[in-house]
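# I need the structure of the sequence given here:
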Amino acid sequence: MKALLLEEKANVFEMKVGDVEKPSPKPGEILVKIKATACNPVDYQTGIRGNPNWVYPHVLGLDSAGVVEEVGEKVTNIQAGDRVVYHSDLTKKGGYAEYGVTTAHTVSVIPEGVSFEEAAALPCAGYTAYQALFHKMRASRGETILVHAGAGGVGGFAIQLAKNAGLTVLTTASSMNHAYVKSLGADYAIDYQKEDFVEKALEITNGRGVDLVLDTVGRENAEKSLKALAFNGQIAFIAGAPDVNDAISFARPLSFHQVALGSVHQSGHVREQQKLSEIGNHMLFLLQEGKLNPLVEKIIAMEEVPAALAELATRKGKGKVVAKIG
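Take a look at the predicted model:
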């Protein structure tokens with residue numbers, strides 16, 4: 001089969017299409033003829049670092065959608081011909097290929113009216129946002145949330161999910177993306193290049209602070225975000241933790257949540273792994289109902305993925321880029 005090959009670690013932006021052996025499903029797994037795979041920052045990040053579980057040439061790509069071609073033994077919830085989307089285990093070969101194998105209990109069936117490209121845009125960014133908001137911070141109607149980097153994938157999905165759930169949404173974005181993030185549902189857009197987001201958050205909330213923060217930027221940004229939290233506020237972070245010990249205070253209690261979506265594949269906890277399927281089912285329903293924008297900004301060919309990943313590495317883009325496979 002054709003696949004985009006990472007010949008050695010750190011060679012991400014020079015990957016070429018080549019031939020590799022078509023995989024076969026083991027018990028509990030399914031073989032998917034892949035139709036679309038989304039580009040994510042984790043692709044170039046892990047590709048540069050490498051992984052001790054990989055055998056080269058390796059195939060990157062965590063978020064794929066396609067048609068089930070074969071099911072392994074003991075698979076009862078999925079059948080050949082189903083249209084599915086899934087988040088891959090990054091320790092194994094991924095979705096920049098004509099075929100992929102994944103665990104049957106982690107996939108979601110794509111409903112009518114949702115394309116492969118739209119579905120593939122969801123898992124890494126969308127599921128992360130969903131997990132942070134609803135499984136970690138238990139976001140609820142009437143609360144306020146500060147979503148960092150609202151023009152990005154995780155941020156863009158978080159804005160929409162929070163707004164759908166009845167929260168007031170503040171977000172940081174460059175001024176050129178303010179109209180975009182507001183179109184997703186943000187109530188307030190803060191220009192992180194010209195404004196102090198803590199001061200603006202306190203101003204908008206009349207000095208109270210926000211109930212929730214989702215930080216996708218890094219440790220320093222997460223640390224600063226603590227100052228924007230209200231009493232009993234919560235922060236979820238995916239790119240570096242604030243100093244929890246220094247922040248613990250009886251007078252101003254806060255809650256801290258690490259979000260690491262992909263680690264569930266190596267956890268051995270089947271129930272937690274099944275939550276990937278459940279999150280996907282809910283988000284696909286929102287897509288089908290027109291209540292969620294899949295954020296697809298560009299659809300490219302598999303050969304164009306290295307250039308797309310290089311562009312992602314600049315951290316200047318918005319939305320999602322999806323590769324059409326085959």
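# any low-confidence regions in the stretch 201-326 of the chain?
Residues of the stretch 201-326 of the chain meeting the criterion pLDDT under 70: none.
# Hmm, Leu312 and Asp297 touching each other?
For residue 297 the amino acid is Glu, not Asp. No - counting by CB atoms under 8 Å, no contact exists between Glu297 and Leu312, whose distance comes to 11.3 Å. Bear in mind the C-beta positions are built from the backbone N, C-alpha and C, glycine included.
# and these two? which has more neighbours close in?
The neighbour count for Glu297 versus Leu312, taken as other CB atoms under 10 Å, is higher for Leu312 (21 against 15).
# what about the closest residue to that one other than its chain neighbours, neighbour count?
Spatial nearest neighbour of Leu312, chain neighbours left out: Pro41 (5.5 Å); criterion: CB to CB, 6 or more residues apart in numbering. A total of 18 residues lie near Pro41 under the criterion other CB under 10 Å.
# ok, Pro41 touching Ala313?
Yes - taking contacts as CB under 8 Å, Pro41 lies within contact range of Ala313: 7.4 Å.
# Residue nearest the middle of the protein, spatially speaking?
Ala125 (1.4 Å; CA atoms, centre = their mean).
# separation between the spatially closest residue to that residue that is not a sequence neighbour and Gly50?
Spatially, and ignoring its direct neighbours in sequence, Ala125 is nearest to Gly153 (3.2 Å; CB to CB, 6+ apart). Distance, Gly153 to Gly50, by CB to CB, to the nearest Å: 23 Å.
# now swap in Val321 and tell me
Going from Val321 to Gly50 by CB to CB gives 23 Å.
# Compare these two and say which is more crowded by neighbours.
Ranked by neighbour count (other CB under 10 Å), Val321 and Gly50 place Val321 first, with 23 against 15.
# Quick check: beta-bridge partners of that one?
Lys298 (DSSP bridges).
# And Thr171, by the same measure?
Legend: beta-bridge partners of Thr171 under DSSP bridges are Val147, Ala189.
# Isn't it up against Ala186?
Yes - with contact defined as CB under 8 Å, Thr171 reaches Ala186; the gap is 4.5 Å.
# More neighbours: which of those two?
Thr171 (30 against 27).
# residue contacts, the more buried one?
Listed by CB atoms under 8 Å, 6 or more residues apart in numbering, the contact set of Thr171 reads 146-150, 155, 159, 181, 186, 188-190.
# Repeat the analysis, applying 7 Å as the threshold.
Thr171 makes contacts with 147, 150, 155, 159, 181, 186, 189-190, as judged by CB atoms under 7 Å, 6 or more residues apart in numbering.
# Need the pLDDT of it.
Confidence at Thr171, expressed as pLDDT, is 98.
# Same question for the one 10 residues further on.
According to the prediction, Val181 has pLDDT 98.
# Tell me how far the closest residue to it other than its chain neighbours lies from Ala173.
Spatial nearest neighbour of Val181, excluding adjacent residues (CB to CB, 6+ apart): Gly150 at 4.1 Å. Between Gly150 and Ala173 the computed distance is 5 Å (CB to CB).
# Settle it for me: which of these two has more neighbours?
Higher neighbour count among Gly150 and Ala173: Gly150, with 31 against 27, using other CB under 10 Å.
# Tell me the spacing between the more buried one and Asn11.
To Asn11, Gly150 is 32 Å away according to CB to CB.
# same thing with Phe285?
According to CB to CB, Phe285 and Asn11 sit 39 Å apart.
# Looking only at neighbour counts, state which of those two leads.
Higher neighbour count among Phe285 and Asn11: Asn11, with 18 against 14, using other CB under 10 Å.
# If I look at the residue nearest to Leu312, what pLDDT would I see?
Pro41 is assigned a predicted lDDT (pLDDT) of 95.
# Can you convert the contacts of Thr171 into JSON lines and add a column each for distance to Leu6?
Below are the contacts of Thr171 laid out as JSON lines (distance: CB to CB, whole Å):
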{"residue": "Val147", "distance to Leu6": "32"}
{"residue": "Gly150", "distance to Leu6": "31"}
{"residue": "Gly155", "distance to Leu6": "27"}
{"residue": "Ile159", "distance to Leu6": "33"}
{"residue": "Val181", "distance to Leu6": "33"}
{"residue": "Ala186", "distance to Leu6": "36"}
{"residue": "Ala189", "distance to Leu6": "37"}
{"residue": "Ile190", "distance to Leu6": "38"}
